[in-house]
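Visitor: Give me coordinates for this.
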Amino acid sequence: MSDVTSAGAAADDLPTPAEGMVLTHFLTVSDVPRSRAFYADVLGGRVVLEENPCIIKAANSWIIMNPGGGPTDDKPDVVLRTPDDPNTVSSFLNIRVADIHDFYATAKAKGAEFLTPPIDRRAELRCYMRDPDGYLIEVGQATGLLKGILARTDTET
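Guide: Numbering: from 1, shown residues only. This next block holds a predicted model:
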C-alpha cells in the first residue's frame, strides 16, 4: 500500500525518485482546470494533484502545471507566461505512441486540435497537436526507424 502525502496523492504517484532522477515537463498555463482536463481527458493522464501545482501522471512521465507569475527568490528576474506566438517554438512535448492513427482519431474525437493528420516521414509517422494554451505537442510512431531508415529532411521530397 502506498504512503499518502498531506495533499492526498499517493507517494509513488509523485515524481519523487528513491534514487537517481526522473524527468518531468513543467507548463505555465493560463487556466489550470482547462489544461488539467486536456491532459487527463485527451492524453489519458491521471490527476495526481489538482493544483498548486497541478500534477498529471501520463504513461511513464509527469506534467506539472501552474499559472504564470513574476520572479521568485529562487529564479530572480524570470517571468513565467504562456507562449506569445504559437508559431514560434523553442521546445515541445514529444509523445511516442504504438498506433498513431488510433491516437489521432481518439484525441480528435475528444476535441484535440491537430495541425495535420499523421504524415509519413519515412522513419516515423508524425503529426502535431496543440494544448489549450497553444503549446505544441508532437505525436509520433516509429516505423522505418525500426529498420534503420532515417527521417526525411526538409530538403528531401
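Visitor: Now stretch 45-57: buried residues?
Guide: Neighbour counts over stretch 45-57 (16 or more other C-beta atoms under 10 Å) mark 45, 47-49, 53-57 as buried. Heads up, the C-betas are built off the backbone N, CA and C, glycines and all.
Visitor: Next: stretch 148-157.
Guide: By neighbour count with 16+ other C-beta under 10 Å, stretch 148-157 contains no buried residues.
Visitor: thinking again about what came up before, quick check: the farthest pair among the buried residues of stretch 45-57?
Guide: Farthest apart among the buried residues of stretch 45-57 by C-beta to C-beta are 45 and 53. That separation is 14.0 Å.
Visitor: Now do residue 139: how many residues are near it, please.
Guide: Residue 139 has 23 neighbours, counted by other C-beta atoms under 10 Å.
Visitor: show me what contacts it?
Guide: When contacts are counted by C-beta atoms under 8 Å, 6 or more residues apart in numbering, residue 139 touches 95, 97, 100, 103-104, 107, 118, 126-129.
Visitor: Look up how far residue 67 lies from residue 17.
Guide: Counting by C-beta to C-beta, to the nearest Å, the gap from residue 17 to residue 67 is 27 Å.
Visitor: cool, and residue 98?
Guide: 34 Å.
Visitor: Give me the more crowded residue out of those two.
Guide: The residue with more neighbours, out of residue 98 and residue 67, is residue 67; 17 against 8, by other C-beta under 10 Å.
Visitor: List the contacts of that one.
Guide: 28-30, 32.
Visitor: Which members of those residues define the maximum pairwise distance?
Guide: Largest separation among those by C-beta to C-beta: 28 and 32, giving 10.5 Å.
Visitor: Overlap of the contact sets of these two?
Guide: Contacts common to residue 28 and residue 32, judged by C-beta under 8 Å, 6+ apart, are 65-67.
Visitor: for those, which one is nearest residue 155?
Guide: residue 65 (37.4 Å).
Visitor: Could you count how many residues lie near residue 77?
Guide: 6.
Visitor: That one reaches residue 71, doesn't it?
Guide: Yes. Using C-beta atoms under 8 Å, residue 77 makes contact with residue 71 at a distance of 5.5 Å.
Visitor: Pull the most distant pair out of the contacts of residue 139.
Guide: It's 107 and 126 that sit farthest apart of the contacts of residue 139, by C-beta to C-beta, at 14.1 Å.
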